[in-house]
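**Student:** Generate coordinates for the sequence data below:
(one chain, ligands or ions: 2)
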Amino acid sequence: MFTTDLRHCRSLLFLPASNPRAIEKARSLAADMIVLDLEDAVKPEDKAEARRAAAEAARAGFGGRPTAIRVNATGSEPFGEDIVALRRGAADYIILPKVTDPRQLHDAGQLTEKPMLAMIETAAGVLAAPSIALGAAALIIGTNDLAADLGMPAGAGREGLSHALQTVVLAARAAGIAAFDGVYNRLEDDDGLAEECRQGRAFGYDGKSLIHPSQIDTANRLFGPSEDEVAAAERLIAAATGGAERFEGRMIETLHVDAARSVLARARR
Ligand SMILES: CC(C)(COP(=O)(O)OP(=O)(O)OC[C@H]1O[C@@H](n2cnc3c(N)ncnc32)[C@H](O)[C@@H]1OP(=O)(O)O)[C@@H](O)C(=O)NCCC(=O)NCCSC(=O)C[C@H](O)C(=O)O
Ligand SMILES: [Mg+2]
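**Tutor:** Numbering: from 1, shown residues only. Ligands and ions are numbered 1, 2, ... in the order given. Alright, predicted model coming up:
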C-alpha cells in the first residue's frame, strides 16, 4: 500500500497500540490512514506489549488502507527498540514525533526501510520545518505539544498557532509532500471539529489527525471536495478556452483549469 503521494489522505485515525478493542474497531472504520501509536497514548509499562501488538496489527492489515506506526521520539528510551523491531514489518509508514532537526530523520532512516512522516510539535521543529520536510513523506503538526511548548494557556484556541500552521504547510508544499493538521481533543463537540477542519483546509492542509471514530466522517467530508466544488470545477473546465477570460463574473486563467482538474482528481480518489 506504500505510496509517496499522501495528499489524498483526509483522515489519519490514531489509536493506542495497547488497546486491542480500538485496533479491532479500526478495521471497519473509514479513515484514510490508520496510525498505531506507541508514543504518548501508551503508558510506559505497556510500551513493549504495544510494540508487539502494533507489529501484529499491521501484519493483519486494515482492509488495504495505509497503516503507520508512531514510534517514540528519538532520544527516548523506547525509540531504539521501536525502530529496530518495526524496520521490516508490515506497516507502510513510520511516524516520528517531535522532530526538531532533519538529522533525526536521517539517523532514523539508517535504522528503518520505511518512509517516514515527521511530526512538527515544538518551536524548534516549526523553525526547522523546511529542512525537515525534505527528508519526510509528509508533515503532521502536533498542536497539543506545540501549544505546550509555546507556553499557551489551556483553551487558548488556535490563533496563537496560526504562524506555525502556515509554516508547516509552506514547508510541505515547498518539498512537494502532504501536510496534516493536528487533533481536535473535544470528543463531543462536532461543530467545533467541523470548524477546525474548515480552518485546516483553508490553510491548505490535506487532512486531519483524529482520535475517535466519531470524527472520521466530518474530516472525510470537509477535507474532500464538496459537491458544489466538483460541479464548479466541471463548469469551469467545460467553459475554459485558454488564457485569461471571464467565467461566472471572475477572471480565470490556465492555472484555474489546472486547479479544477485537481479538484476532480481528488474527488475521484
Ligand atoms: C480519547 C479516548 C481515550 C476516548 O476513549 P473512550 O471514551 O473509551 O471511547 P469510547 O467509549 O467513545 O469508544 C467507543 C468505541 O470506539 C473505540 N475507539 C475509541 N477510540 C478509538 C480510536 N481512536 N480508534 C479506534 N477505535 C476507537 C473504542 O474501543 C470503543 O469500541 P468498542 O469497545 O468496540 O465499542 C480514545 O478515543 C482514544 O484512545 N483515542 C486515541 C488516543 C490517541 O491515539 N492519542 C494519540 C494521538 S493524539 C496526538 O497525536 C497528539 C499530538 O501528539 C499532539 O501533540 O498534538
Ligand atoms: Mg504530540
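**Student:** who in the chain is up against ligand 2?
**Tutor:** Within the chain, the residues that sit near ligand 2 (Cβ under 5 Å from the ion) are 121, 142, 145. All C-beta spots, glycine's among them, are computed from the backbone N, C-alpha and C.
**Student:** how many neighbours does the closest residue to the second one other than its chain neighbours have?
**Tutor:** Read it as Gly142. Excluding its sequence neighbours, the residue lying closest to Gly142 (Cβ to Cβ, 6 or more residues apart in numbering) is Glu121, at 3.2 Å. By other Cβ atoms under 10 Å, 25 other residues sit near Glu121.
**Student:** all helices for the stretch 1-150 of the chain, in order.
**Tutor:** Applying DSSP state H, counting those that start in this stretch to the stretch 1-150 of the chain gives helices spanning 20-26, 47-60, 79-85, 102-109, 123-133, 143-150.
**Student:** Pretty sure Asn185 sits against Ile211.
**Tutor:** Yes. Between Asn185 and Ile211 there is a contact at 7.3 Å, judged by Cβ atoms under 8 Å.
**Student:** sorry, back to before: tabulate the helices of the stretch 1-150 of the chain in TSV, adding columns for distance to Asp37, mean neighbour count and mean pLDDT.
**Tutor:** Formatted as TSV, those follow (distance: least, Cβ to Cβ, whole Å; neighbours: other Cβ atoms under 10 Å; pLDDT from 0 to 100):
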stretch	distance to Asp37	mean neighbour count	mean pLDDT
helix 20-26	10	15	98
helix 47-60	8	18	97
helix 79-85	11	18	94
helix 102-109	17	17	96
helix 123-133	18	20	98
helix 143-150	13	18	98
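**Student:** Can I get those helices in JSON lines including distance to ligand 1?
**Tutor:** Converted to JSON lines, the helices of the stretch 1-150 of the chain look like this (distance: least, Cβ to the nearest ligand atom, whole Å):
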{"stretch": "helix 20-26", "distance to ligand 1": "4"}
{"stretch": "helix 47-60", "distance to ligand 1": "11"}
{"stretch": "helix 79-85", "distance to ligand 1": "15"}
{"stretch": "helix 102-109", "distance to ligand 1": "16"}
{"stretch": "helix 123-133", "distance to ligand 1": "11"}
{"stretch": "helix 143-150", "distance to ligand 1": "3"}
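**Student:** Reformat the ones you listed as JSON lines; add distance to Asn72.
**Tutor:** Formatted as JSON lines, the helices of the stretch 1-150 of the chain follow (distance: least, Cβ to Cβ, whole Å):
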{"stretch": "helix 20-26", "distance to Asn72": "19"}
{"stretch": "helix 47-60", "distance to Asn72": "7"}
{"stretch": "helix 79-85", "distance to Asn72": "5"}
{"stretch": "helix 102-109", "distance to Asn72": "11"}
{"stretch": "helix 123-133", "distance to Asn72": "16"}
{"stretch": "helix 143-150", "distance to Asn72": "13"}
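**Student:** which stretch among those helices comes nearest Ile34?
**Tutor:** helix 20-26 (5.2 Å; Cβ to Cβ).
**Student:** Low-confidence ranges, the protein, go.
**Tutor:** Scanning the chain with the threshold set as pLDDT under 70 gives 1-4.
**Student:** where exactly do the strands run in it?
**Tutor:** 11-16, 33-37, 67-70, 93-96, 116-120, 138-141, 178-181, 207-210, 245-247, 250-252 (DSSP state E).
**Student:** possible to save those strands as TSV with mean neighbour count?
**Tutor:** TSV is the format used below for the strands of the chain (neighbours: other Cβ atoms under 10 Å):
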stretch	mean neighbour count
strand 11-16	25
strand 33-37	27
strand 67-70	26
strand 93-96	26
strand 116-120	28
strand 138-141	28
strand 178-181	27
strand 207-210	28
strand 245-247	12
strand 250-252	11
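**Student:** Give the closest residue to Gly89 in space, chain neighbours not counted.
**Tutor:** Spatial nearest neighbour of Gly89, chain neighbours left out: Ala55 (4.8 Å); criterion: Cβ to Cβ, 6+ apart.
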